[in-house]
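A.B. asks: Take this sequence and fold it.
(2 chains)
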Amino acid sequence: MTAAPALYDVPGPRTRRRHALYGVLSTAVLLALLAWILYLLFHTGQFTATKWLPFEYQGIQLLLLRGLGNTLKAFAIAAVLSLALGGVLATGRLSDHRPVRALATLVVEFFRAMPVLVMIFFIFVALKVQPLPALVAGLTLYNGSVLAEVFRSGVHAVERGQREAAFALGMRKTQVMTHVLVPQAVRAMLPAIISQLVVALKDTSLGFLITYEEFLHAGKLIASNLDYDLPFIPVVMVISPIYIGMCMLLSWFAGWVSRREQRSPKTEAVAHAPAGPGALLPGGEPPMAPEP
Amino acid sequence: MNVLTDNFSAYGAGFLGTLELTVYASLLALALGFLMASFRVAPVGSLRIFGTAWVTVLRNTPLTLLFFAVLLGLPRFGLVLPFKVFAVLALGCYTSAFICEALRSGINTVPRGQGEAARSLGMTFGQALSLVVLPQAFRSVIPPVGSTLIALAKNSAIAGAFSVTELLGTYKTLNELGYNIVWTFVWIAVGYLIITLAISALFHALERRWGVAR
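C.D. replies: From the prediction side, this is the model:
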């Protein structure tokens, strides 16, 4: 409701009537669109009993569940490993030693610039790795690099006084990092970190393309079954709400954390990271100043 | 090196395919994103709901799932188009959600007083929009739109895996011809780097020309 404050004046009675008219018209158009889609679905026979029959069999339900399990397994492993890799690479980028810093920068920039799928295919085809390790390795390299940038920008976003005060108290650099900067940075960056995990969850579906037996793969198996009259649309209608729902849940969690953090006094000294998967896009330029 | 020189035409076709896909999908994404952003800031409730639903759903959809649904699903409705058009449709719709959010947050950075001042000078809605609000919003959306389009170029690799003529897809032919697979991928990577760096350079130039002075 409060969107775009600069655009409109407070509406008067006539404008309100006009807006109400637009509202009715656009609702009618959108409903007509919906009706047309439903008509198409019925017209092409997507709701016939044969096409929905497979979902009643236990074997097929188990197949779908196994696929979902494999998706979640890949996501869990990739998430843990990318957080670890992100931590390592961020440490490298924040190092006092120039060669370490240069190496970490090179790795981070390279893996952020490459399409994830090209890396996954490279590992799968050229290095002849099994699908699951290939998928996890590709996701880890990419998301780890992005997370490294998130961690680094978080540490840089902590108020300068915090670091100076810690050094003034006689702490060593490691102590300053582990006791003062990193706890505040991670707290403030939590929404961006979770949003990046949403990207990782979405990208597990790339496993479909290297024949990893994940959720989409299970769906494809059912959809190409001639006995049930190729139930492709029903499969999409079952799979996509589950997939999108999982991602939405995680995105919503990121937003919830972000709202909580904004109220928390523990992150006062850090600039906040916004939530939402758009916050740090794959391949996006990092929203921060270059290395001094 | 001879992997590239022997198969220059294959690489060239793939490179042009990726480029074509990127350009058309970018145009679609920019147009749709602009439309959805205007829906999301409209004073009409149902349009706002539609825009919000569009963005929320598409931002949380795995792109592979979208490709799967569009490339293999739309033909079930009797809609038979070349695969490339479907790929542009999937990529464009997916990216439009991100473009929409970039544009909307750009509009939201314009202070309320700017619009109020424009109206108090007697400007009409169209004038206030085109002379005051959008020029200022445009400045701050250049970097996020740039990074979104870079992401789009990278995501076009998924189309290659769905057998659209595209850079990543060239590895299959070259692999069958028995060329060194590592070098095959090195040149594919170089191709993507050329495209993403070009987009990055373009948006840096735009930013230098029109961006917010910092």
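A.B. asks: Burial check on residue 54, number of neighbours?
C.D. replies: Chain wasn't specified; assuming chain A. Neighbour count for A:Pro54, taken as other Cβ atoms under 10 Å in any protein chain shown: 22. Placement of C-beta: from N, CA and C, glycine included.
A.B. asks: wrong one, chain B
C.D. replies: Neighbour tally, B:Trp54, other Cβ under 10 Å: 20.
A.B. asks: Looks like it contacts B:Ala37 (just checking).
C.D. replies: No. The criterion here is Cβ atoms under 8 Å, and B:Trp54 misses it with B:Ala37 at 10.5 Å.
A.B. asks: Need the residues touching each of these two.
C.D. replies: B:Cys100 (Cβ atoms under 8 Å, 6 or more residues apart in numbering or on different chains).
A.B. asks: what does the stretch 1-150 of chain A put close to chain B?
C.D. replies: A:3-9, A:11, A:19, A:22-23, A:26-27, A:30, A:40, A:44, A:46, A:113-118, A:121-122, A:125-126 (Cβ under 8 Å from any Cβ of the partner chain).
A.B. asks: Buried ones in the one helix or strand B:Arg209 maps to, by neighbour count?
C.D. replies: If you go by DSSP states H and E, B:Arg209 is part of helix B:181-210. Within helix B:181-210, the residues scored as buried using 16 or more other Cβ atoms under 10 Å in any protein chain shown are B:181, B:184-185, B:187-189, B:191-192, B:195-196, B:199-200, B:203, B:206-207.
A.B. asks: Let me know the closest of those residues to B:Gly12.
C.D. replies: B:Gly191 (9.6 Å; Cβ to Cβ).
A.B. asks: Look up the pLDDT of the spatially closest residue to B:Gly106 that is not a sequence neighbour for me, please.
C.D. replies: Excluding its sequence neighbours, the residue lying closest to B:Gly106 (Cβ to Cβ, 6 or more residues apart in numbering or on different chains) is B:Val141, at 3.6 Å. Turning to B:Val141, the model gives it a pLDDT of 90.
A.B. asks: can you check the one 3 residues further on too?
C.D. replies: B:Pro144 is assigned 90 on the pLDDT scale.
A.B. asks: what's the burial count for it?
C.D. replies: If you count neighbours by other Cβ under 10 Å, B:Pro144 ends up with 23.
A.B. asks: One more: B:Thr18?
C.D. replies: Using other Cβ under 10 Å, B:Thr18 has 29 neighbouring residues.
A.B. asks: can you tell me the distance between the two ends of stretch A:206-217?
C.D. replies: End-to-end distance of stretch A:206-217: 10 Å, with Cα to Cα, to the nearest Å as the criterion.
A.B. asks: Please name the nearest non-neighbouring residue to A:Tyr142.
C.D. replies: A:Val116 (4.5 Å).
A.B. asks: Surely that neighbour touches A:Thr204?
C.D. replies: No. Checked against Cβ under 8 Å, the pair A:Val116 and A:Thr204 is beyond contact range at 10.6 Å.
A.B. asks: ok, the two, which is more surrounded?
C.D. replies: Higher neighbour count among A:Val116 and A:Thr204: A:Thr204, with 28 against 24, using other Cβ under 10 Å.
A.B. asks: from memory that one sits against A:Ala74, does it?
C.D. replies: Yes. Under the criterion of Cβ under 8 Å, A:Thr204 makes contact with A:Ala74 at 4.7 Å.
A.B. asks: For the helix or strand where A:Ala254 lies, the averaged confidence score.
C.D. replies: Element membership for A:Ala254 (DSSP H and E) is helix A:232-263. Helix A:232-263 comes out with an average pLDDT of 89.
A.B. asks: How far away from the center of its chain is it?
C.D. replies: Centre-to-centre, helix A:232-263 and its host chain are 10 Å apart (Cα atoms, centre = their mean, to the nearest Å).
A.B. asks: any residue of that helix up close to chain B?
C.D. replies: Yes. Residues of helix A:232-263 are located near chain B by Cβ under 8 Å from any Cβ, namely A:Phe232, A:Ile233, A:Val236, A:Ile239, A:Ser240, A:Tyr243, A:Ile244, A:Cys247, A:Met248, A:Ser251.
A.B. asks: Narrow the residues you listed to those that are buried.
C.D. replies: Buried, going by 16+ other Cβ under 10 Å: A:Phe232, A:Ile233, A:Val236, A:Ile239, A:Ser240, A:Tyr243, A:Ile244, A:Cys247, A:Met248, A:Ser251, out of the residues of helix A:232-263 next to chain B.
A.B. asks: Looking at the residues you listed, which is nearest A:Val180?
C.D. replies: A:Ser251 (30.5 Å).
A.B. asks: correct me, but the closest one touches A:Leu197?
C.D. replies: No. Using Cβ under 8 Å as the test, A:Ser251 is too far from A:Leu197 to be in contact (9.8 Å).
A.B. asks: Just the CA coordinates for the helix or strand of chain A with the lowest mean pLDDT, please, in CSV.
C.D. replies: Within chain A, no helix or strand scores below helix A:49-52, which has a mean of 82 by mean pLDDT, DSSP states H and E. Extracted C-alpha coordinates of helix A:49-52, given in CSV (Å, rounded to 0.1, in the frame of the first residue of the first chain):
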residue,chain,number,x,y,z
ALA,A,49,-8.9,-39.7,-14.4
THR,A,50,-6.2,-41.6,-16.3
LYS,A,51,-3.7,-38.8,-16.1
TRP,A,52,-4.2,-38.4,-12.3
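A.B. asks: Flag every buried residue along the helix or strand that it is followed by.
C.D. replies: Tracing the chain past helix A:49-52, the next element assigned as helix or strand by DSSP H and E is helix A:58-93. If you call a residue buried by 16+ other Cβ under 10 Å, then helix A:58-93 has these buried ones: A:60, A:63-64, A:67-68, A:70-71, A:74-75, A:77-79, A:81-83, A:85-87, A:89-93.
A.B. asks: quick one: buried residues of the helix or strand following helix A:58-93?
C.D. replies: Scanning forward in sequence from helix A:58-93 by DSSP H and E, the next helix or strand is helix A:98-113. Neighbour-count burial for helix A:98-113, counted by 16+ other Cβ under 10 Å, picks out A:Ala104, A:Thr105, A:Val107, A:Val108, A:Phe111, A:Arg112, A:Ala113.
A.B. asks: Can you tell me which of these comes closest to A:Ser258?
C.D. replies: A:Ser258 has its nearest neighbour among those in A:Arg112, at 22.9 Å by Cβ to Cβ.
A.B. asks: Contacts only, for the residue nearest to the closest one when sequence neighbours are not counted.
C.D. replies: Take A:Arg112 and drop its neighbours on the chain: the residue closest to it by Cβ to Cβ, 6+ apart is A:Ser145, 4.9 Å away. Shown in contact with A:Ser145 (Cβ under 8 Å, 6+ apart): A:Leu85, A:Gly86, A:Leu89, A:Val107, A:Val108, A:Glu109, A:Phe110, A:Phe111, A:Arg112.
A.B. asks: what about chain B, any weak spots by pLDDT?
C.D. replies: Along chain B, the model assigns pLDDT under 70 to residues B:1, B:213-214.
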